[in-house]
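Visitor: Show me the folded form of this:
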Amino acid sequence: MNKIATLFLLLTHCFIFSQAGIEQDPTFNIKTISFRVNGNNVIPFFKLGETFELSFDDLYGDEADYYYTITQYNYDWSAPSDLGKVEYLNGMDNQRIITYENSFNTLQLYSHYRQVFPNRFNQITKSGNYLISILNDEGEIVFSRKIIIYEEQVAVAMLVRRARDFESLDGKQNIEMTINYGDKVLQNPIQNVKVTLFQNGNWKNSISNVKPQYTLGSELIYRYNKETQFWGGNEAYSIDNKIIRTTNNTVSQVTSGDNIYNTYLYVNTPRKNHPYTYFPDINGNFFIQNANTSNSQIEADYSWVYFALNTPNLLDKNIYVVGMFNNYALTDEYKLEFDKNSGLYEKAILLKQGFTNYQYVITDKFGKIDYENAIDGNFFQTENNYTAIVYYRGNNDRYDRVIGIANTNSEVIRN
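Guide: Just a heads-up that it's a prediction; the model follows:
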């Protein structure tokens, strides 16, 4: 009986875990996962009915079969919604991705896959949170990505201010917001309306379940002091290897290795004790480009990019290289290692050529990110993009709709 009870608990735990909307990092052969609109890499927030594309590379280059599934989740991603798939999907998923090409004239062989949504097989019919999972021909998940489908039912206004508490005045940015729902009927909005805030589209430091502070007529007011604060961080570093064999102000050296190029970046030094200096970045984003070709998606090459950070050994801390290029993943593939001989934290990462933003983050041994003691400091002047996603679930509704979205930038920060 004890063995049966233990087995039941294990199966229950596995079932519950599998139901949570958790992004699965890709297997080692899958690279350059990107959501694109009109050819540009974007944060995956899409208007209901808008056309977008998911693309990725398989370094095996063997034209393997991949399939995708689409699952709707509740606002906090803790479980799938109560809707059946036929209620939010017109058509059927679990379709094979049939659009792919092999790389052309590259040292690194790869197959490039593209899947457009909506398509002739299925269309998402309701707003909300969705998890797109890519599976191999054995039904195993290769990777999964979150997306948000929104409607524009309410007007949302956002404002970025400096923090009001003295201890974080110079390092944090605070979001104030107003939602105007006009003559739209919202049942018990204080409880049924929830907001998630994003900084540069990063799921790792998003602030969820933000409820209205109070109402004023048909407006929901959010003027918190601490609940909606983000650490400002610093401007991202950049890699520019659109011309893969040349050096520039981001690449110090290029060598030809074993059938692939090696791209050595300049050594980075922590900036947290230096005055804030503005220089343009693309807020963690990336774009793929080979300056000498016409179709970069299959003609851009891969290279080993060598990162180096000159900072003392942090002993019980870990340092990772992150950005939209790797979905801010905290995995061993992107963890720097301390070299006692050079005195540097170093890592070689296989990246597709183009223009890539990256940052360094510190975590403790449990994987918790230490934003306060960031390698490059926190400055209220840092230019960041902010997005607010507005969820609503009426008293008798069976899923969380996304009824509004707003974007703003901290360039217009106010005191």
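
Visitor: Local confidence estimate at Met1?
Guide: Note on Met1: pLDDT of 46.

Visitor: do the same with Phe17
Guide: pLDDT at Phe17 comes out at 40.

Visitor: again with the one 3 residues further on
Guide: Looking at Ala20, its pLDDT is 83.

Visitor: Equivalent analysis for the one 5 residues further on, please.
Guide: Turning to Asp25, the model gives it a pLDDT of 97.

Visitor: Name whatever forms a beta bridge with Glu176.
Guide: Leu159 (DSSP bridges).

Visitor: how far away is it from Ser133?
Guide: 36 Å (C-beta to C-beta, to the nearest Å). Where C-beta positions appear, they are placed from N, C-alpha and C, glycine not excepted.

Visitor: phi, psi of the closest residue to Ile207 other than its chain neighbours?
Guide: The shortest distance from Ile207 to any residue other than its chain neighbours is 4.5 Å, reached at Leu197 (C-beta to C-beta, 6 or more residues apart in numbering). Per-residue torsions, Leu197: phi -110, psi 140 (degrees, to the nearest 10).

Visitor: Quick check, Leu197 in contact with Asn205.
Guide: No. Using C-beta atoms under 8 Å, Leu197 is not in contact with Asn205; the gap is 9.5 Å.

Visitor: hey, what's in contact with both of those two?
Guide: Common neighbours of Leu197 and Asn205 (criterion: C-beta atoms under 8 Å, 6 or more residues apart in numbering): Phe230.

Visitor: ranges for the strands of the stretch 1-150 of the chain?
Guide: Assigned by DSSP state E, counting those that start in this stretch, the strands in the stretch 1-150 of the chain fall at 30-37, 40-41, 45-47, 52-58, 67-73, 89-91, 95-96, 99-102, 111-117, 122-124, 128-135, 141-150.

Visitor: what comes into contact with the third one?
Guide: By C-beta under 8 Å, 6+ apart, the surrounding residues in contact with strand 45-47 are Val37, Phe52, Ile147, Ile148, Ile149, Tyr150, Glu151, Glu152, Gly201, Thr387, Ile389, Ile405.

Visitor: Identify all residues paired with the first one through a beta bridge.
Guide: Translated: Val37. Asn40.

Visitor: Just grab the bridge partners of Lys31 for me.
Guide: When bridges are called by DSSP bridges, Lys31 pairs up with Asp57.

Visitor: ok, Thr51 - how many residues close by?
Guide: 12 (other C-beta atoms under 10 Å).

Visitor: any idea how far Asn262 is from the nearest residue to it once chain neighbours are set aside?
Guide: Spatial nearest neighbour of Thr51, chain neighbours left out: Val116 (6.5 Å); criterion: C-beta to C-beta, 6+ apart. Using C-beta to C-beta, Val116 is found at 35 Å from Asn262.

Visitor: Contact partners for Glu227?
Guide: Ile207, Val210 are the contacts of Glu227 under C-beta under 8 Å, 6+ apart.

Visitor: Mind checking what secondary structure it has?
Guide: Under DSSP: H, G, I helix; E, B strand; the rest coil, Glu227 falls in the coil class.

Visitor: measure it to Tyr150 for me?
Guide: Counting by C-beta to C-beta - Glu227 and Tyr150 are separated by 22 Å.

Visitor: With Asn373 instead?
Guide: According to C-beta to C-beta, Asn373 stands 35 Å off from Tyr150.

Visitor: Give me the more crowded residue out of those two.
Guide: The residue with more neighbours, out of Asn373 and Tyr150, is Tyr150; 20 against 12, by other C-beta under 10 Å.

Visitor: need the strands for the stretch 301-415 of the chain, in chain order.
Guide: 302-309, 318-322, 337-339, 344-352, 354-363, 385-392, 401-409.

Visitor: Ok, the stretch 151-300 of the chain next?
Guide: Under DSSP E, counting those that start in this stretch, the stretch 151-300 of the chain gives strands at 155-162, 172-180, 193-199, 207-210, 214-216, 219-222, 229-231, 237-240, 251-256, 261-265, 286-288.

Visitor: would a markdown table of these with mean neighbour count be doable?
Guide: Formatted as a markdown table, the strands of the stretch 151-300 of the chain follow (neighbours: other C-beta atoms under 10 Å):
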| stretch | mean neighbour count |
| --- | --- |
| strand 155-162 | 18 |
| strand 172-180 | 22 |
| strand 193-199 | 22 |
| strand 207-210 | 16 |
| strand 214-216 | 12 |
| strand 219-222 | 19 |
| strand 229-231 | 24 |
| strand 237-240 | 20 |
| strand 251-256 | 14 |
| strand 261-265 | 19 |
| strand 286-288 | 22 |
